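In: Sharing a model prediction with you, sequence too.
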Amino acid sequence: TKAARLRDVAGSQAQLLEFGTRRAFSPQGAVWAARAALAGGLDATSNVLAALKLGQKPSGTMAHALVMAIAATSGSEQDAFTTFGRYFPHAPLLIDTYNTIAAAEQLAERVKSGEIEVTGIRLDSGDLVKLSQKVRSLLPKVKIFASGDLDEYEIAKLQSAGACIDGYGLGTKLVTGNPVNGVYKLVEIDGIPTMKRASNKVTYPGPKQIYRQVVGGQISQDRLGLVSESCLANEQPLLQLVMQQGKRLQPPEPLTEIAQRAAASVAAIPDSTREINQPTPLLVEISDALEQLTVATEES
C-alpha cells in the first residue's frame, strides 16, 4: 500500500526505484519489501538477490563511498564518474558528494565536448527544488533522480514547488513504516458466535465477508456482512479462500499480474479518498444480518 501511494502521487511517468535493503529489518525482510514494492507499482529494486528471485533486472545508482574512494586514491570526482560509467553506462551518477552545482557544470562541459555520455544523475541532499532546477538548466537531456528519506508527502511538496525530478530512490520510509496494531479476536467457535463487548471496545460476531459496490468503475461503498450472505446489485465479495488444510488452492500469481491488479484497484478508488492530506473515507455499511446477529449474541 505504501508503494501504491508513492506511485499514485509521483504519477505514471516517474521512475521509482526501491532502495530500502539497508533499512530493512533482516536480509529476508529486504527481499519481501522489494517484492511488495514492485507489486505496489515501483519500477525496479536495487536488491540484486530480490531481482534474481523475482526475475527482474536490478537497478540502482552509485554510492558516495565510491566517489570518495576514487577521488582520494586515483583522481577526482569526475574520474569516479568516468570509471563508474565505463561499467554501468546507463546508471545515474551521484553528484552531491562535494559541490553539486560544480559537479553538474563540469559534467555539462564534458557532455558538450563529447567526452562523456550521461543518462541520469542523482541528488541525495540539499535543496532538491533549487538544485534540480539548476541541474536541468545545465543538463537538459539528463534524467534527474532524487533520494533521501522521501515519501509521498515529500514528493507532493517537491512537485508543487516546481522541482525538475524524473524519478525517485525510495527506501527508509518505504520498507520500515509504522507498526500495524492488529490483534486476534475470536468471532465463532464450534458454530457458536462470539464477540467482545467492553466499555470502549466492541467486536462483531460471526465469520464475515466484505461486499464492495462498484459503479462506473469506481468504488461506491463497502458492506461488512456475514460470509453466508449473498451479493446485492453491483457488489462483489473481496475475501477469497486461497489456502485450505495447508495447501494452496490456486497457482502463484505472476508479479506482473499482481502489479497490474494493484494498479487497477487503486484507480478504482475515488480521487477524494486518494488524497494524502485530507482523504474522504469510503462509506462502510453494516449489513442487517450482521446487526441482527450482534444483537442476538449480546442477548445470549
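Out: Happy to help now that I have it. Only a predicted model underlies this, so the values are computations on that prediction, with no experimental measurement involved.

In: count of residues packed around E299?
Out: Neighbours of E299 under the rule other Cβ atoms under 10 Å: 6. C-betas here are computed from N, CA, C, even on glycine.

In: Relative to R197, how far out is it?
Out: Using Cβ to Cβ, to the nearest Å, E299 is found at 11 Å from R197.

In: cool, and A34?
Out: 43 Å.

In: out of these two, which sits in the more crowded spot?
Out: Set A34 next to R197 and count neighbours by other Cβ under 10 Å: A34 wins out with 30 against 11.

In: Might one say that that one is in contact with F19?
Out: No - checked against Cβ atoms under 8 Å, the pair A34 and F19 is beyond contact range at 9.8 Å.

In: all helices for the stretch 101-250 of the chain, in order.
Out: Using DSSP state H, counting those that start in this stretch, the helices of the stretch 101-250 of the chain run over residues 128-138, 152-160, 172-175.

In: contacting residues around the shortest one?
Out: Think helix 172-175. Helix 172-175 has contacts (Cβ atoms under 8 Å, 6 or more residues apart in numbering) with 2-3, 6, 18, 20-21, 23-24, 29-30, 33, 37, 149-151.

In: got it, and the first one?
Out: With contacts defined as Cβ under 8 Å, 6+ apart, helix 128-138 is touched by 95-96, 100-101, 104-105, 107-108, 121, 123, 142, 144, 146, 148, 158, 161-165.

In: from those residues, which ones fall inside strands?
Out: When DSSP state E is applied, the contacts of helix 128-138 are split such that I121, L123, I144, A146 fall in strands.

In: does the first one really touch A91, like I thought?
Out: Yep, that's I121 we're talking about. No - contact criterion Cβ under 8 Å: I121 and A91 do not qualify, at 10.3 Å.

In: Between the two, point out the one with more neighbours.
Out: Shown here are I121 and A91; by other Cβ under 10 Å, I121 has more neighbours (25 against 16).

In: Let me know the distance separating that one from D288.
Out: Using Cβ to Cβ, one gets 60 Å for the distance from I121 to D288.

In: Run a quick neighbour tally on T256.
Out: T256: 13 surrounding residues under other Cβ under 10 Å.

In: Contacts for the helix or strand that contains it next, please.
Out: Element membership of T256, judged by DSSP states H and E, is helix 255-267. By Cβ under 8 Å, 6+ apart, the surrounding residues in contact with helix 255-267 are 4, 7-8, 35, 38-41, 54-56, 217, 253, 274.

In: Buried residues, that helix. List them.
Out: Burial within helix 255-267, assessed by neighbour count using 16 or more other Cβ atoms under 10 Å, is assigned to I258, A259, A262, A263, V266.

In: of the residues you listed, closest to S113?
Out: Within these, the smallest distance to S113 is 41.6 Å, found for A259 (Cβ to Cβ).

In: wait, what's in contact with T100?
Out: Taking Cβ under 8 Å, 6+ apart as the test, what T100 contacts is L123, G126, L131, V135.

In: The first one pairs with what?
Out: Think L123. As for beta bridges, L123 partners with A146 under DSSP bridges.
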